[in-house]
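K.L.:
have a look at this prediction, sequence included:
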Amino acid sequence: MATMESLIGLVNRIQRACTVLGDHGGEGMSLWEALPSVAVVGGQSSGKSSVLESVVGRDFLPRGSGIVTRRPLVLQLHKTESGQEYAEFLHSSKKRFTDFAAVRQEIADETDRITGKSKAISNVPIHLSIYSPNVVNLTLIDLPGLTKVAVEGQPDSIVQDIEMMVRSYVEKPNSIILAISPANQDIATSDAIKLAREVDPSGERTFGVLTKLDLMDKGTSALDVLEGRAYRLQHPWVGIVNRSQADINKNVDMIYARRKEHEYFESSPEYGHLAHKMGSEYLAKLLSQHLELVIRQRIPSILALINKTIDELNAELDRIGRPIAVDSGAQLYTILELCRAFDRVFKQHIDGGRPGGDRIYKVFDHQLPAALKKLPFDRHLSLKNVQKVVSEADGYQPHLIAPEQGYRRLIDGSINYFKGPAEASVDAVHLVLKELVRKSMAETEELKRFPTLQADIAAAANDSLERFREASRKTVLRLVDMESSYLTVEFFRKLHLEPEKNQNPNSNSNVDRYTDNHFKKIGSNVTAYIGMVCETLRNSIPKAVVHCQVREARRALLNNFYTQVGRREKEKLGQMLDEDPALMEKRNSIAKRLELYKSARDEIDSVAWK
Ligand SMILES: Nc1nc2c(ncn2[C@@H]2O[C@H](COP(=O)(O)OP(=O)(O)OP(=O)(O)O)[C@@H](O)[C@H]2O)c(=O)[nH]1
């Protein structure tokens, strides 16, 4: 089993770590709150400072009129075997104080540092460690004295503020209450006892201390209180005789004062039989033993709290994302991972794991055929226009057998119309892909915490889509152009045979009629040819679009981005991983708390089960 020293030391270390991380109670069940501690409470002038100093064997507490203690003072006492005696503050841990007058000044200065000269109070504790051969291992928290009236320069609210602060300490079930009352005042009116009774009605965690026994009126005795009859507590009352004001003025040595106190009880006719259970030295030992006992009892529940909190903090960190690495290799890795996460979502949208990809097929199945159907071929290949185009193509010499040039022009003119639907398909698919990028971005949870990277990836993806669109546009226009470049010879060979079969100029002597029929025939031939081309393009445009845009988007949406990122220097990578500052702060504070809880667990593991 652990020694007393190590258990109290353990709690000391955890308490200090809590303070460093700003954990001194507050929302939820904090580690600080779970740690047992001794809180010293008492009314003004009850002798609180005197008791603490006597326990330490040194005068080191600021004195003065009004409310001097305005921040909790966590006083950690460490017994040294070496005979060395010094003090250290957590807020300036490098400095060793051997002059206790300087300690007093430092407490006053440090109090003002947080509260300002306003004389207000603050619940941020000051941690003071005292190493001395004259102490037992013990941690006490000195709190502002309970008061009834604010003095000049202090806000009126200070009376309630102090009560609230003191209450917040003594309320927690792990707090051991050291309730200081002066013997020369009716115990029923003691501020300390009043508060203790409220927060600990059964008296199981209250230690009653009665000061100023030497100042009682002649003929009166405090035996009723000291023997637990006046106010019953689970622990025995301890009587104390501190230095009087005159002693303080004369600078009476604390160790000498302790001896005098001892003698007082030894020789006291009323309290002699209780002498071995009285005095500040006895009080210190009693508290030390009790604190150690309580700590030992609480260790399993403290560990349980720690483990539970670690789990919660880990879960929270997972939710908001782990901290980002600082070296550029790891940053690059993180960026690429995030890109891949986005890319996965995007591919699922295209391939069908998520919705949206079907809209590409709709472009081919609906939009393109509808657009093709709307092309104005009946106007372009109307009798009138055919006649016009063919005549113009013939020039001054009308064609003799077949209007080769006229056919060409009619066909070229018609094929030109296909460019519109071809480009429209490219644009429609582009819009679908863009929308899928937007959706995928929104659905990539991991990216949410990196607004800069998110914007960078979106820009890169849209850039690529733009390039794919351009390539696709060129390709489909080329497909259309190809239809003009070389006509399907077969088709015309067949035509060449047909008129000879069908035409019967002998049966028609009317030249006009002949011409009309002739142009009609040309129109219908071109219409048939264009119908064939239309059919071809209706099939080949989707292939080109998928090839140039959809397939590329699946395959290489972020390729350019990867190359760019690979060339970036370290700061640029860091900038890309810029996070929302609020989130960063939150993570930092969670990470720090996690560290605190983990090291507390390690400490407990190493000390408690030795
Ligand atoms: N004779 C005698 N005087 C005491 C005893 N305890 C405290 N005093 C005197 O009572 C006065 C107040 O004591 P402090 O220890 O300053 O009391 P406190 O509760 O810390 O007071 P505040 O911090 O001002 O609220 C001082 O003048 C002490 O010398 C005691 O047991 N006997």
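P.N.:
Right, received. Where do you want to start? Residues are numbered from 1 along each chain as shown.

K.L.:
show the average pLDDT along the host helix or strand of Glu106.
P.N.:
Following DSSP states H and E, one finds Glu106 within helix 100-115. Mean per-residue pLDDT for helix 100-115: 90.

K.L.:
in it, which residues are buried?
P.N.:
Phe100, Val103, Arg104, Glu106, Ile107, Ala108, Glu110, Thr111, Ile114 (16 or more other C-beta atoms under 10 Å). Glycine gets a C-beta too; all of them are placed from N, C-alpha and C.

K.L.:
same thing with stretch 209-228?
P.N.:
Val209, Leu210, Thr211, Lys212, Leu213, Asp214, Met216, Ala222, Val225, Leu226, Gly228.

K.L.:
the second one contacts Gly239, doesn't it?
P.N.:
Right, Leu210. Yes - using C-beta atoms under 8 Å, Leu210 is in contact with Gly239, at 4.9 Å.

K.L.:
overlap in contacts, these two.
P.N.:
Ala183, Ala222, Leu226 (C-beta atoms under 8 Å, 6 or more residues apart in numbering).

K.L.:
can you pull the pLDDT of Asp23?
P.N.:
66.

K.L.:
likewise His235?
P.N.:
So, for His235, pLDDT stands at 93.

K.L.:
you'd agree it is up against Gln289?
P.N.:
No - proximity of His235 to Gln289 does not meet the contact threshold set by C-beta under 8 Å, at 10.9 Å.

K.L.:
so between the two, which is more surrounded?
P.N.:
His235 (16 against 13; other C-beta atoms under 10 Å).

K.L.:
residue contacts, the more buried one?
P.N.:
Counting by C-beta under 8 Å, 6+ apart, His235 has contacts Gly203, Thr206, Phe207, Gly208, Leu286, His290.

K.L.:
tell me how many other residues crowd the second one.
P.N.:
Pointing back at Thr206 there. Neighbours of Thr206 using other C-beta under 10 Å come to 26.

K.L.:
quick one on the thing from earlier: contacts for the helix holding Glu106, please.
P.N.:
Taking C-beta under 8 Å, 6+ apart as the rule, helix 100-115 contacts 58-63, 68-71, 73, 87, 89, 91-92, 97, 121-122, 124, 126, 128.

K.L.:
that helix: how far from the chain's middle?
P.N.:
36 Å (C-alpha atoms, centre = their mean, to the nearest Å).

K.L.:
what's downstream of it, the next helix or strand?
P.N.:
Per DSSP H and E, the helix or strand that comes after helix 100-115 is strand 126-132.

K.L.:
measure how the following helix or strand past that next one sits relative to helix 100-115, angle-wise.
P.N.:
Sequence-wise, the next helix or strand downstream of strand 126-132 (DSSP H and E) is strand 138-142. Put simply, strand 138-142 runs at 50 degrees to helix 100-115, going by axes from the mean of the first three to the mean of the last three C-alpha atoms, to 10 degrees.

K.L.:
which positions in stretch 547-560 come out as buried?
P.N.:
Cys548, Gln549, Val550, Glu552, Ala553, Arg554, Leu557, Leu558.

K.L.:
quick one: terminal-to-terminal distance for stretch 238-258?
P.N.:
Criterion C-alpha to C-alpha, to the nearest Å; first-to-last residue distance in stretch 238-258 is 14 Å.

K.L.:
neighbours of the residue of the stretch 351-500 of the chain found nearest the ligand, how many?
P.N.:
Relative to the ligand, the nearest point of the stretch 351-500 of the chain is Arg449 (50.3 Å; C-beta to the nearest ligand atom). Burial of Arg449 is recorded as 19 neighbouring residues (other C-beta under 10 Å).

K.L.:
with adjacent residues omitted, what lies nearest to Lys277?
P.N.:
Excluding the flanking residues, the one nearest Lys277 by C-beta to C-beta, 6 or more residues apart in numbering is Pro236, at 6.1 Å.

K.L.:
for Arg298, grab phi and psi.
P.N.:
The phi and psi torsions at Arg298 (degrees, to the nearest 10) take the values phi -80, psi -10.

K.L.:
typo on my end, Ser540
P.N.:
phi -80, psi -30.

K.L.:
residues contacting it?
P.N.:
Leu479.

K.L.:
that one and Tyr231: what is the separation?
P.N.:
100 Å (C-beta to C-beta, to the nearest Å).

K.L.:
is it true that Glu163 touches Leu146?
P.N.:
Yes - contact criterion C-beta under 8 Å: Glu163 and Leu146 qualify, at 6.4 Å.

K.L.:
of the two, which one has the most company?
P.N.:
Set Glu163 next to Leu146 and count neighbours by other C-beta under 10 Å: Leu146 wins out with 22 against 15.

K.L.:
surely Ala455 is in a helix?
P.N.:
Yes - applying DSSP: H, G, I helix; E, B strand; the rest coil, one finds Ala455 inside a helix.

K.L.:
what sits against it?
P.N.:
Ala455 touches nothing, counting by C-beta under 8 Å, 6+ apart.

K.L.:
repeat for the one 5 residues further on
P.N.:
Contacts were defined as C-beta under 8 Å, 6+ apart; by that measure Ala460 touches Leu558, Asn560, Phe561, Gln564.

K.L.:
can you put these in a markdown table and add secondary structure and pLDDT?
P.N.:
Compiled in a markdown table, those are given as follows (DSSP: H, G, I helix; E, B strand; the rest coil; pLDDT from 0 to 100):
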| residue | secondary structure | pLDDT |
| --- | --- | --- |
| Leu558 | coil | 94 |
| Asn560 | helix | 91 |
| Phe561 | helix | 92 |
| Gln564 | helix | 88 |
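
K.L.:
out of these, which touch the ligand?
P.N.:
Checked against the ligand using C-beta under 6 Å from any ligand atom, these give no members in range.

K.L.:
mind checking how far Ser30 is from Ile306?
P.N.:
Ser30 is 11 Å from Ile306, by C-beta to C-beta.

K.L.:
same deal with Lys260?
P.N.:
In terms of C-beta to C-beta, Lys260 sits 45 Å off from Ile306.

K.L.:
then Tyr256?
P.N.:
45 Å.

K.L.:
same question, Ala315
P.N.:
15 Å.

K.L.:
so which of these two has more stuff around it?
P.N.:
Using other C-beta under 10 Å, the more surrounded residue of Ala315 and Ile306 is Ile306, with 19 against 9.

K.L.:
neighbours of the nearest residue to Leu477 once chain neighbours are set aside, just the number please.
P.N.:
The shortest distance from Leu477 to any non-neighbouring residue, by C-beta to C-beta, 6+ apart, is to Lys419 (6.0 Å). By the measure other C-beta under 10 Å, the count of residues near Lys419 is 15.

K.L.:
next: Ser280.
P.N.:
26.

K.L.:
quick check on it: phi, psi?
P.N.:
Torsion angles at Ser280 (phi, psi; degrees, to the nearest 10) stand at phi -70, psi -30.

K.L.:
does the nearest residue to it once chain neighbours are set aside sit in a helix or strand, and which one?
P.N.:
Distances taken as C-beta to C-beta, 6+ apart put Ser54 closest to Ser280, at 3.7 Å, once the chain neighbours are dropped. In the assignment (DSSP H and E), Ser54 maps to helix 48-56.

K.L.:
contacts for that helix, please.
P.N.:
40-42, 59-61, 63, 68-69, 75, 77, 130, 132, 134-135, 138, 140, 142, 145, 178, 180, 209, 211, 240, 242-243, 254, 257-258, 261, 280, 283-284.

K.L.:
alright, that wraps it up for me.
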